[in-house]
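Q: give the three-dimensional model of this entry:
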Amino acid sequence: MMSERLRKVLEFVSTVHYLCAVLGMDFLSTVTEVRPSLDESTGVQSKSISTDTLSRLAKSVLALKENNKKRPQKAEVEVERLDNLKKRRMKLITVKKQAKLEQIHGHAHIEIYLEAARGKMLEMIDRGMLSLLS
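A: Have a look, this model is predicted:
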């Protein structure tokens, strides 16, 4: 029968393995940082199951979980940054195209009022309702 300490060590090691896989980290180097004897190639009998090992494994799991939580937040920030960049670029393109249209109409002596249309298009870009692909 497996001791409670060994069961906890194996549970923590399993969690570290899972989180390392999710985060794309090297499991072996992560777990051996906690305790070199946790290297699976050395066998279950040589695993250190001291209170210190349990504590260090728990801290490692918490750190990996925190890292896992921060990743989506970083991705969300990056997505927002890219959305803002896209909006700025679309506004710039819109203004340039309308200026070109105004120039063409001016050479053809056609009087048009593009200011209202420009304002509406910029507002639609801000709302995310206008895309360059549509």
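Q: shaky segments in the chain?
A: 1-2, 39-48, 130-134 (pLDDT under 70).
Q: let's verify the residue with the largest distance to the centre of the chain: helix, strand, or coil?
A: Going by C-alpha atoms, centre = their mean, the residue of the chain most distant from its centre is His109, 52.4 Å out. Local secondary structure at His109 is given as coil here, using DSSP: H, G, I helix; E, B strand; the rest coil.
Q: gap between Glu115 and Met121?
A: 11 Å (C-beta to C-beta, to the nearest Å). The way it works is simple: take the backbone N, C-alpha and C, and place the C-beta from them, glycine included.
Q: show me where the protein has its helices.
A: With helices called from DSSP state H, the chain shows them at 4-23, 27-34, 51-107, 115-127.
Q: run through who's touching the shortest one.
A: By that I understand helix 27-34. Residues from elsewhere that reach helix 27-34 (C-beta atoms under 8 Å, 6 or more residues apart in numbering): Val13, Val16, His17, Cys20, Ala21, Leu38, Asp39, Thr53, Arg56, Leu57, Ser60, Leu64.
Q: can I get these in CSV including distance to Gln98?
A: Listed next are the contacts of helix 27-34 as CSV, based on distance: C-beta to C-beta, whole Å:
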residue, distance to Gln98
Val13, 62
Val16, 57
His17, 57
Cys20, 53
Ala21, 51
Leu38, 65
Asp39, 66
Thr53, 68
Arg56, 63
Leu57, 62
Ser60, 57
Leu64, 51
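Q: give me the distance between the residue nearest the centre of the chain and Ser29.
A: Nearest to the mean C-alpha position of the chain, by C-alpha atoms, centre = their mean, lies Ala75 at 2.5 Å. Ala75 sits 25 Å away from Ser29, going by C-beta to C-beta.
Q: what of Glu80?
A: Separation of Glu80 from Ser29 (C-beta to C-beta): 33 Å.
Q: same thing with Ile104?
A: Distance from Ile104 to Ser29, by C-beta to C-beta: 63 Å.
Q: cool, Val9 as well?
A: 18 Å.
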